[in-house]
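J.: Pasted the sequence and its predicted model underneath.
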Amino acid sequence: MPLVMDHILPSSLGGSDERENLAACCYRCNEFKGAKIKANDPVTNESISLFNPRLQRWLDHFQWANGGTHIIGITAIGRGTVLALRLNN
């Protein structure tokens, strides 16, 4: 699957094209993210910031399941990000 550059803070919200604001992601995840920077945690319904790969460690928020074919959010940030970016669709 080809990767594209995602603006962690979207350009439409004032995000820059500087390296610190860019992250590689799959095209579909980028499309689902759009200009979102927040999502709701499905467990608490709390509004959370989406996972930031420049500031946070993947293993702190996610784990693999089903033999590495499914991503589980293990924190509010992880759960909200999995749903918002439709990581398992």
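T.: Yep, it's here. Just so we're clear, the structure is a prediction, and the values are computed from it rather than from any experiment.
J.: make it CA atoms for all contacts and neighbour counts henceforth
T.: Will do.
J.: burial measure for the closest residue to Ala76 other than its chain neighbours, as a count.
T.: In this structure, Ala76 finds its nearest non-sequential neighbour in Asp41, 5.2 Å apart by C-alpha to C-alpha, 6 or more residues apart in numbering. If you count neighbours by other C-alpha atoms under 10 Å, Asp41 ends up with 23.
J.: what ranges do the strands span in the chain?
T.: Taking DSSP state E to define them, one finds strands in the chain at 3-7, 22-26, 38-40, 47-49, 62-65, 70-73.
J.: how about CSV for those strands, with mean pLDDT and mean neighbour count added?
T.: Formatted as CSV, these follow (pLDDT from 0 to 100; neighbours: other C-alpha atoms under 10 Å):
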stretch, mean pLDDT, mean neighbour count
strand 3-7, 95, 18
strand 22-26, 94, 16
strand 38-40, 98, 19
strand 47-49, 98, 16
strand 62-65, 97, 14
strand 70-73, 97, 17
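J.: Using JSON lines, lay out the ones you listed together with distance to Ala84.
T.: Formatted as JSON lines, the strands of the chain follow (distance: least, C-alpha to C-alpha, whole Å):
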{"stretch": "strand 3-7", "distance to Ala84": "15"}
{"stretch": "strand 22-26", "distance to Ala84": "14"}
{"stretch": "strand 38-40", "distance to Ala84": "6"}
{"stretch": "strand 47-49", "distance to Ala84": "11"}
{"stretch": "strand 62-65", "distance to Ala84": "14"}
{"stretch": "strand 70-73", "distance to Ala84": "11"}
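J.: and Leu13, which of these is closest to it?
T.: Leu13 lies closest to strand 3-7 among the strands of the chain, at 10.0 Å (C-alpha to C-alpha).
J.: strands paired with that closest one, and their directions?
T.: According to DSSP bridges, strand 3-7 forms sheet pairs with strand 22-26 (antiparallel).
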